[in-house]
Structure formats: structure tokens, C-alpha cells
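Student: this one's structure only:
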């Protein structure tokens with residue numbers, strides 16, 4: 001028995017024929033007609049695909065939107081700074097810092113072509129966000145009125161407990177140090193007597209007439225002189241591009257910092273400005289100082305106790321007192337310094353070249369110091385190792401001392417064989433003759449307990465013999 005087609009199938013088959021005829025334009029109705037049939041319009045062809053509709057045009061930003069400030073940039077002018085060199089802009093800098101401190105990777109902008117008078121100020125953490133940039137393109141000057149300084153402050157501009165801070169730009173920090181120097185005597189370091197210079201320094205301070213004490217200065221400056229720029233307890237700090245000049249005392253100081261980078265940096269102060277170290281390091285590690293020009297009245301770089309992993313290279317030093325480790329162990333304290341590299345240095349008209357100085361009575365050690373390619377010109381004492389450092393006419397003889405080991409000089413300069421030195425014991429350090437030449441004879445100038453003897457060499461090296469430590473060489 002043949003299965004009957006379902007109603008659905010019966011209904012579907014004529015429909016298929018109908019749609020096929022419609023597609024060909026031949027459908028004239030279901031009945032049979034005699035005569036002409038009425039032409040029907042063909043069905044429209046299906047579209048080839050979806051038609052892309054262009055997005056609506058975005059209207060250009062309004063002028064106000066174009067000029068909208070970057071929310072991460074905080075310009076001191078927007079916080080009330082005048083930048084005329086005479087108005088006190090300290091509060092404006094404080095307000096700008098307070099705002100920038102809250103935003104990670106923010107920029108505090110000190111614009112070019114302005115001079116900002118700023119008093120003692122602390123840009124402090126530890127609650128600030130990381131990676132703040134202090135963009136210094138203008139000039140910051142210190143006040144010359146004693147009323148700003150109270151009884152004396154140890155620093156002028158201070159950054160504390162920050163992470164990832166960068167100070168960069170083409171600007172200048174000017175400490176107006178001349179108002180401090182004239183009332184401050186030079187230090188008492190016997191090795192820093194300027195009369196020993198082969199080429200006298202410019203007597204900048206001595207030749208200037210005394211600055212009158214007037215109402216504009218507000219009285220005599222305090223005896224405690226501030227460091228121009230100090231970093232304390234900070235991590236990953238960078239200083240680049242800027243100049244610090246005429247600091248009352250040290251120009252740039254890092255204390256208890258880890259991860260320090262200083263490059264393309266300049267210090268500029270007279271060679272006779274007292275105690276104006278270029279860069280001062282203490283209790284800091286992982287420090288890189290490179291590609292910088294340091295001219296000052298004291299050590300171009302001073303490395304103090306607690307420093308390790310310090311790398312200094314490509315530095316122009318002078319005028320100044322050279323690059324020093326110490327003095328260490330003062331007042332019977334313990335001092336530790338290790339892993340110091342100083343290379344590719346040019347020294348012009350400095351009192352010393354590279355120097356290690358320790359006080360008798362101290363303890364601790366200096367280990368792993370490498371000096372290489374130190375080029376000197378018109379330098380009185382290219383190499384100094386002084387374990388009887390003292391700032392008084394008579395030094396007390398003590399048996400304890402900071403131990404020195406692994407001190408090396410290489411590359412066209414004298415080479416000191418590693419030896420542990422104690423001021424109260426006998427130890428021989430050999431300085432070999434190298435290719436280093438000098439237009440004059442050189443002499444040693446290190447101090448010992450009761451006696452000092454210096455022997456001159458002709459255009460070669462230093463020969464010095466102390467009662468406690470002997471340094472030998474061969475004369476031509």
C-alpha cells in the first residue's frame with residue numbers, strides 16, 4: 001500500500017513550483033487562460049551582502065579641551081609661584097609637591113626662563129607615590145637673608161624617603177654661597193693648604209669685597225652652612241642634566257640611599273670656596289656617577305663610611321681636592337667602605353688626585369678599591385694614602401686604625417700592590433714607575449707620628465717614607 005503524502009508535503013510541492021516560476025517571471029495564475037496574460041513585475045534580486053555604513057564623524061575637540069592640562073603635570077606657576085627672583089616662592093613649591101606626591105609618575109615642573117626664590121624645604125615621603133619627576137628647567141636660588149635660616153640648617157633642598165625619584169632638566173640650583181663663605185674660615189686639613197698648589201686657585205672669595213650686613217641680608221649668616229641638595233633614605237634616585245652652583249657647603253649629598261645614578265651633571269663653585277664638596281656619599285650603596293663636570297672648593301667626590309658598590313667614571317674634576325675616600329674613623333668610630341671603582345678621570349689643578357684618609361683610633365676597613373686611568377695635570381699630590389689624617393696641628397698617636405686592603409692603581413698611573421695598612425704597624429707599599437709624567441717634581445705629603453721625610457723624583461713618581469708606613473720606589 002502506497003503511503004499517502006502528508007498534508008505538509010502536498011502543500012510544499014506546489015509552493016516550490018510556484019516560487020520557481022516566480023523566479024523565472026512565468027507565473028500567470030493557477031487557472032488556464034485564453035488570450036494575453038497580464039505581465040507582472042519580477043521580484044527584486046537579493047542584495048549581494050551587508051552594506052557598510054560609515055561611522056558618524058567625530059566632531060573636533062573644542063579649544064578648551066585642546067588646552068586641558070595634563071592631570072599628571074604640576075607646574076609651580078599654577079600654584080602661585082611668581083618666578084621673579086625676589087618673591088618667596090617656597091609655599092608654591094610646597095603646594096605643588098603636595099599635589100604631585102599623590103599621583104604616580106607625576107611631574108613637578110619648574111619652567112625655564114624663571115628664577116624662583118625658595119627657602120629651606122623638604123620634599124618628603126614616605127607616603128608619596130613612586131617615580132615622581134622633578135623637572136627643573138628654570139633656576140632656583142637660595143635666600144640671602146639670615147632670617148630664613150634660623151640658627152642654622154644642615155640642608156637647603158631635601159628629598160627624603162622616596163622611590164624612583166628623578167631630578168632632571170637644564171636648570172640650575174644656586175646656593176648664593178658667597179654670603180656664607182666670607183664669614184667662614186677654610187678647614188684645618190693640613191693636606192688642603194692652598195699654598196701647596198702648583199697653580200694657585202682663583203682667589204674668588206678673598207678678592208671680593210666683604211658683603212655688607214644690611215637689612216636686605218637680615219644679619220650675619222649662621223655658622224652652620226647647609227648642603228644645597230640632599231637625598232635621604234631613598235631608593236632608585238636619578239639626578240641628570242642640572243647644575244648646582246655656589247652651595248654654602250656640599251653641593252649634592254646622598255645619605256642612606258640605595259640605587260643612585262648621577263650623570264651629565266655639573267657642579268660649579270670657586271676653587272677657594274670652603275668645604276664645598278661636589279658630591280658627598282655616606283651610608284649608600286649601588287651608586288653610579290658618570291659623565292659629569294665637578295668644579296668646587298673641596299673634594300669633587302667624597303666617599304664616606306657605609307658606602308659599597310660605588311662606580312665613578314668619566315669625570316672632569318677641578319678645581320677641587322680630587323676624589324677622596326674618608327676621612328674615616330674619626331673619634332674612634334668604626335668605618336667600612338668596600339668595592340669602589342674610580343676610572344677614566346681627568347683632574348686639572350686639584351690639590352690631590354685620588355686620596356684615602358683615615359683617622360688614628362678608628363676601626364673598620366677599606367677593601368677593594370680600584371683606581372685606573374687617572375689623568376692629572378697641575379696636581380700637587382696625585383696619590384695620597386694618609387692613615388694619620390688630622391685637622392689639628394698635633395695629632396694624638398693611637399694604636400688602632402682603619403685597615404686598608406686591595407687598593408690598586410692601574411693604567412698609565414702608579415700601581416699600589418694590595419697591602420693591609422695600619423698606622424701603628426710597619427707595612428710596605430710599592431709604587432711602581434709608570435708612564436705618568438709631570439712638568440715638575442712631585443713630592444709626598446703624608447703625616448706620621450713625629451716624623452716625615454719626602455724624597456723628590458724627576459718627572460716620575462712619589463717616594464715617601466714614614467716612621468710607621470714606608471712607601472718605596474726607584475729613582476731614575
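Tutor: Cool, the structure landed. This is a predicted model, so every value here is computed, not measured.

Student: where does the chain dip in pLDDT?
Tutor: Low-confidence segments of the chain (pLDDT under 70): 1-68, 183-219, 391-394, 411-476.

Student: change it to 50
Tutor: Along the chain, the model assigns pLDDT under 50 to residues 1-12, 14, 16, 19-21, 23-37, 187-218, 412-476.

Student: For it, just list every one of the helices.
Tutor: All helices of the chain, identified by DSSP state H, fall at 7-24, 63-66, 90-100, 178-181, 204-207.

Student: The third one packs against which elements?
Tutor: Going back to what we said before, that points to helix 90-100. Packing partners of helix 90-100 (3 or more Cβ pairs under 8 Å, 6 or more residues apart in numbering; DSSP states H and E): strand 73-75, strand 107-110, strand 121-124. Bear in mind the C-beta positions are built from the backbone N, C-alpha and C, glycine included.

Student: Can I get the ones you listed in JSON lines including mean neighbour count and distance to residue 172?
Tutor: Conversion of those to JSON lines gives the following (neighbours: other Cβ atoms under 10 Å; distance: least, Cβ to Cβ, whole Å):
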{"stretch": "strand 73-75", "mean neighbour count": "19", "distance to residue 172": "18"}
{"stretch": "strand 107-110", "mean neighbour count": "22", "distance to residue 172": "10"}
{"stretch": "strand 121-124", "mean neighbour count": "18", "distance to residue 172": "17"}
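
Student: can I get those in CSV with distance to residue 352?
Tutor: Below are the helices and strands packed on helix 90-100 laid out as CSV (distance: least, Cβ to Cβ, whole Å):
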stretch, distance to residue 352
strand 73-75, 43
strand 107-110, 36
strand 121-124, 34
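
Student: Go through these and name the closest to residue 93.
Tutor: strand 121-124 (6.1 Å; Cβ to Cβ).

Student: Mind listing residues that contact that closest one?
Tutor: 90, 93, 94, 97, 134, 156, 157, 158, 159, 160, 161, 162 (Cβ atoms under 8 Å, 6 or more residues apart in numbering).

Student: ok, those residues vs residue 274, which is closest?
Tutor: residue 156 (16.6 Å).

Student: Pull the number of nearby residues for the closest one.
Tutor: 26 (other Cβ atoms under 10 Å).

Student: Now for the residue nearest to it when sequence neighbours are not counted, how many residues are close by?
Tutor: For residue 156, ignoring the flanking residues on the chain, the nearest one in space by Cβ to Cβ, 6 or more residues apart in numbering is residue 226 at 4.5 Å. Other residues lying near residue 226 total 24 when counted by other Cβ under 10 Å.

Student: Run through the bridge partners of the residue lying closest to residue 408 once chain neighbours are set aside.
Tutor: Closest residue to residue 408 apart from its sequence neighbours, by Cβ to Cβ, 6+ apart: residue 370 at 5.2 Å. Taking DSSP bridges, one obtains residue 341, residue 408 as the residues bridged to residue 370.

Student: Please report how far residue 370 lies from residue 341.
Tutor: Taking Cβ to Cβ, to the nearest Å as the measure, residue 370 falls 5 Å from residue 341.

Student: Is it correct that residue 398 is in contact with residue 358?
Tutor: No: using Cβ atoms under 8 Å, residue 398 is not in contact with residue 358; the gap is 11.3 Å.

Student: more neighbours, these two?
Tutor: Higher neighbour count among residue 398 and residue 358: residue 358, with 30 against 16, using other Cβ under 10 Å.

Student: quick one: contacts for the nearest residue to the more buried one once chain neighbours are set aside?
Tutor: Leaving out its chain neighbours, the residue that sits closest to residue 358 by Cβ to Cβ, 6+ apart is residue 402, at 4.1 Å. Residue 402 makes contacts with 326, 328, 329, 335, 358, 359, 362, 363, 364, 365, 366, 387, as judged by Cβ under 8 Å, 6+ apart.

Student: Let me see the contact set for residue 400.
Tutor: With the criterion set at Cβ under 8 Å, 6+ apart, residue 400 makes contact with 332, 360, 361, 362, 363, 424.

Student: Dump these into CSV; add distance to residue 241 as well.
Tutor: Shown next, in CSV, are those (distance: Cβ to Cβ, whole Å):
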residue, distance to residue 241
332, 42
360, 42
361, 42
362, 38
363, 40
424, 47
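
Student: so of those residues, which ones are in strands?
Tutor: Judged by DSSP state E, the contacts of residue 400 include residue 363 as members of strands.

Student: Show me just the buried residues among the contacts of residue 400.
Tutor: Burial by neighbour count, 16 or more other Cβ atoms under 10 Å: within the contacts of residue 400 this picks out 360, 361, 362, 363.

Student: Which parts of the stretch 151-300 of the chain are strands?
Tutor: Using DSSP state E, counting those that start in this stretch, the strands found in the stretch 151-300 of the chain span residues 155-160, 166-168, 172-174, 227-232, 235-240, 243-245, 252-255, 258-263, 266-268, 279-282, 285-295.

Student: Pipe these into CSV and attach distance to residue 410 per row.
Tutor: As requested, the strands of the stretch 151-300 of the chain are exported to CSV (distance: least, Cβ to Cβ, whole Å):
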stretch, distance to residue 410
strand 155-160, 36
strand 166-168, 33
strand 172-174, 36
strand 227-232, 31
strand 235-240, 29
strand 243-245, 31
strand 252-255, 27
strand 258-263, 23
strand 266-268, 27
strand 279-282, 22
strand 285-295, 19
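
Student: Of the ones you listed, which is nearest residue 85?
Tutor: strand 172-174 (10.2 Å).

Student: Neighbours of residue 247, how many?
Tutor: By the measure other Cβ under 10 Å, the count of residues near residue 247 is 32.

Student: nope, residue 297 is what I was after
Tutor: Other residues lying near residue 297 total 28 when counted by other Cβ under 10 Å.

Student: Next, find the distance separating it from residue 360.
Tutor: Residue 297 is 26 Å from residue 360, where distance means Cβ to Cβ.

Student: Got a PyMOL select line for the buried ones in the contacts of strand 121-124?
Tutor: Per 16+ other Cβ under 10 Å, the buried members of the contacts of strand 121-124 correspond to this PyMOL selection:
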select buried, resi 90+93+97+134+156+157+158+159+160+162
